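Undergrad: structure for the following, please:
(one chain, ligands or ions: 2)
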Amino acid sequence: MVDVTISEAAEKLKSGAVVAFATETVYGLGADATDPAAVAKIYAAKGRPDFNPLICHIADLSQLDGLVSVDERARRLAKAFWPGALTLVLPRRPDCPVAPAVSAGLPSLALRMPAHPQARELLRLVGRPVAAPSANRSGHVSPTTAQHVRDSLGPDIAVLDGGPCPVGLESTVIGLTGPQATLLRPGGVAAEEIERILGEPLARPQDMKLESPGMLLKHYAPRLPVRLEVAAPLPGKQEGLLSFGPPLPGFAHVVPLSVSGDLVEAAANLYAGLHELDEQAGLDGIAVMPIPGHGLGQAINDRLTRAARGR
Ligand code: AMP
Ligand code: MG
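TA: Ligands and ions are numbered 1, 2, ... in the order given. From the prediction side, this is the model:
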C-alpha cells in the first residue's frame, strides 16, 4: 500500500487515479465521478459486477442542484442528516456531469455528504463529485481501517489514512425517485430517525435486490461460516464469538461488539470484529450473539444476515 498525503490524494483524484480514503462510515475507493475512465478503474480494482451503482460524494450543498432534481423531502433530509451517514437516491438532471457508469446506467444518482473532517477537506480540494464504493474487493467485508484496505486491495493501492471509521457501517440509502421515500439499505442512520424527520413511514421494497442492486446477498461475506442468534457453543467446534452484552462462555476467541449492549458502539466494531475473527488461525466458524432489531440494530442484523447467508 502507498500512503499518500491529503494534497497528493486530491492531485491523484483530479488526474484520474483512484485513491482510498476514510469516511465516518467505511473506507471508500474514490475516483472523479465526472471522468468515465477514472470510474472504470474503481470497478476494475474492486472486481465489482458492473450493474452495481456507486455513491457520489459531495463537499457542499451547492453541488447538489447541478447534479439531480431536488424535492422538498430531499432538502429536509439533507438539512437534518448531512454531513452524515445518509445517502439520497435522486433523479439525475438531463445535463448531470457525472459519468453514467456511476449510476450503472440508471436514471438516478446516489449522493452523500460525508462528515469525516479529512474526507470533507479532500472533497473540497478536489472540487468535483467523487464516486466511492467501499474500498474492498467485491464480496469482501467492508474496511474500517487502512490496514483492512491494504489486506483486501493489495500493496499498490494509494490510501489516505484517516484512522478507524467512527460509525463503522455503510450509510443508510433512501430512494426518492418515486412518490414514497424508500429504505433501499439500512445503515448508519436509523430508519426510525429518518421517518421522524419525513413525518411518514418509509417503504421497504419486497425485493431490495431489484431496487438497489448493491443489496446482493454475497455482499458482506467473511471466509468462515457465520452462525447467528447464538445461545451456546457448538460441541466439538472451535468457534470465535462476536459478543453483545456480557460474553457467553465456552468460545475459543471472543471479540466484544459492545459489553454494555450499546448498538452504536456495536456498529462501529462490527466489521473490525468480523475481520479479526476471520483472520484468527484455528477457528472453524464465527458465532454471533443476538442483537436487538431497533435503531442501528436493523443495519447490523442486515449485514450479519448477509454474512451468514452469502457465501
Ligand atoms: P457501496 O458503494 O458499497 O456503499 O454501495 C452503494 C449502495 O448504494 C448500494 O446498495 C447501491 O445499490 C446503492 N445505490 C447507489 N446508487 C443507486 C441508485 N442510483 N439507485 C439505487 N441504489 C443505488
Ligand atoms: Mg461495499
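Undergrad: under the pLDDT cut-off, which ranges of the protein? List them.
TA: Along the chain, the model assigns pLDDT under 70 to residues 1, 49-51, 206-220, 310-311.
Undergrad: ranges for the helices of the stretch 1-150 of the chain?
TA: With DSSP state H, counting those that start in this stretch applied, the stretch 1-150 of the chain shows helices at 6-14, 36-46, 72-81, 117-126, 146-153, listed in chain order.
Undergrad: could you list the contact residues of this protein toward ligand 1?
TA: For the chain, the residues in contact with ligand 1 (Cβ under 6 Å from any ligand atom) are 52-55, 87, 89, 103, 106, 108-110, 133-134, 170, 173, 184-185, 212-215. Where you see a C-beta, it was placed from the backbone N, CA and C, and this is true even at glycine.
Undergrad: got a markdown table for the helices of the stretch 1-150 of the chain, with distance to residue 26 and mean neighbour count too?
TA: As requested, those are arranged in a markdown table below (distance: least, Cβ to Cβ, whole Å; neighbours: other Cβ atoms under 10 Å):
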| stretch | distance to residue 26 | mean neighbour count |
| --- | --- | --- |
| helix 6-14 | 17 | 18 |
| helix 36-46 | 13 | 18 |
| helix 72-81 | 17 | 16 |
| helix 117-126 | 11 | 19 |
| helix 146-153 | 9 | 21 |
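Undergrad: distance between the ends of stretch 104-117?
TA: 29 Å (Cα to Cα, to the nearest Å).
Undergrad: next, the buried residues of that stretch.
TA: 104, 106, 108, 109, 110, 111, 112, 113, 114, 115, 116 (16 or more other Cβ atoms under 10 Å).
Undergrad: strands - which of these land there?
TA: 108, 109, 110, 111, 112 (DSSP state E).
Undergrad: who's in contact with stretch 300-311?
TA: 139, 141, 169, 185-186, 216-222, 225-228, 263, 266-267, 270, 274, 286, 288, 291, 293 (Cβ atoms under 8 Å, 6 or more residues apart in numbering).
Undergrad: just the ones in strands from those residues, please.
TA: Using DSSP E, these in strands are 185, 226, 227, 286, 288.
Undergrad: distance of the last one relative to residue 251?
TA: Per Cβ to Cβ, to the nearest Å, residue 288 is found 11 Å from residue 251.
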